[in-house]
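Trainee: My questions concern the predicted model and sequence given below.
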Amino acid sequence: MSSNTSMMGYDYQAMVFWKYANQMLREESEIEAIGYEYKDIKSFDDVVIMYKAGKKFRDGFVDRDYIQVKYHMAQTDYITLDALLNPKFVGARKYTFMDKVVFAYKKKKEKFIFDENS
């Protein structure tokens, strides 16, 4: 990836951060804090949204969203299951995007438990 492309990727990541930062400023916002390059869960650290109260998700609640921002210059490929299972899709040699999801889950399992009473 060229230096210019890398900078555009960082700019895009910053725009995602500022999107949520602007939402946080609204009086009715459910957002308590936002992390940028937040090192809680490796590979899912670009932008982390922390909510004041649990946010309804399926049968339970979550207290934060982890956003891994990806920027591509060419819009020739789609995000497919095959892409998520291919290490090259995320610029890796060995581990796929889905491998990283599993690793994050195993390392921080308590953050992925959806408790209806939390």
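Mentor: That came in fine, so what should we check first?

Trainee: Which strands or helices does the lengthiest helix in the chain pack on?
Mentor: Of all the segments assigned as helix in the chain under DSSP state H, the longest by residue count is helix 3-24. Counting by 3 or more C-beta pairs under 8 Å, 6 or more residues apart in numbering; DSSP states H and E, the packing neighbours recorded for helix 3-24 are strand 31-36, strand 47-57. (C-beta placed from N, C-alpha, C; glycine too.)

Trainee: could you redo the last one with a cut-off of 10 Å?
Mentor: Contacts defined by 3 or more C-beta pairs under 10 Å, 6 or more residues apart in numbering; DSSP states H and E place helix 3-24 against strand 31-36, strand 47-57, strand 60-67.

Trainee: Let me see the mean pLDDT of the first one.
Mentor: It stands for strand 31-36. What strand 31-36 shows for mean pLDDT is 92.

Trainee: in this protein, which residue is closest to the centre?
Mentor: Residue closest to the mean C-alpha point of the chain, counted by C-alpha atoms, centre = their mean, is residue 67 at 1.5 Å.

Trainee: Let me see the contact set for that one.
Mentor: Contacts for residue 67 were tallied using C-beta atoms under 10 Å, 6 or more residues apart in numbering; they are 13, 16-17, 19-20, 34-35, 38, 44-49.

Trainee: Check the gap between it and residue 82 for me.
Mentor: As defined by C-beta to C-beta, to the nearest Å, residue 67 lies at a distance of 23 Å from residue 82.

Trainee: follow-up on the earlier one: what's in contact with the longest helix of the chain?
Mentor: For helix 3-24, with C-beta under 10 Å, 6+ apart as the criterion, the contacting residues are 1-2, 29-37, 46-50, 65, 67-73.

Trainee: what about this protein, any weak spots by pLDDT?
Mentor: Low-confidence segments of the chain (pLDDT under 70): 1-2, 43, 72-77, 108-118.

Trainee: Burial check on the residue found closest to residue 89 once you drop the neighbours it is linked to in the chain, number of neighbours?
Mentor: Once flanking residues are discounted, residue 89 sits nearest to residue 83: 4.3 Å by C-beta to C-beta, 6 or more residues apart in numbering. Residue 83 is flanked by 14 other residues according to other C-beta atoms under 10 Å.
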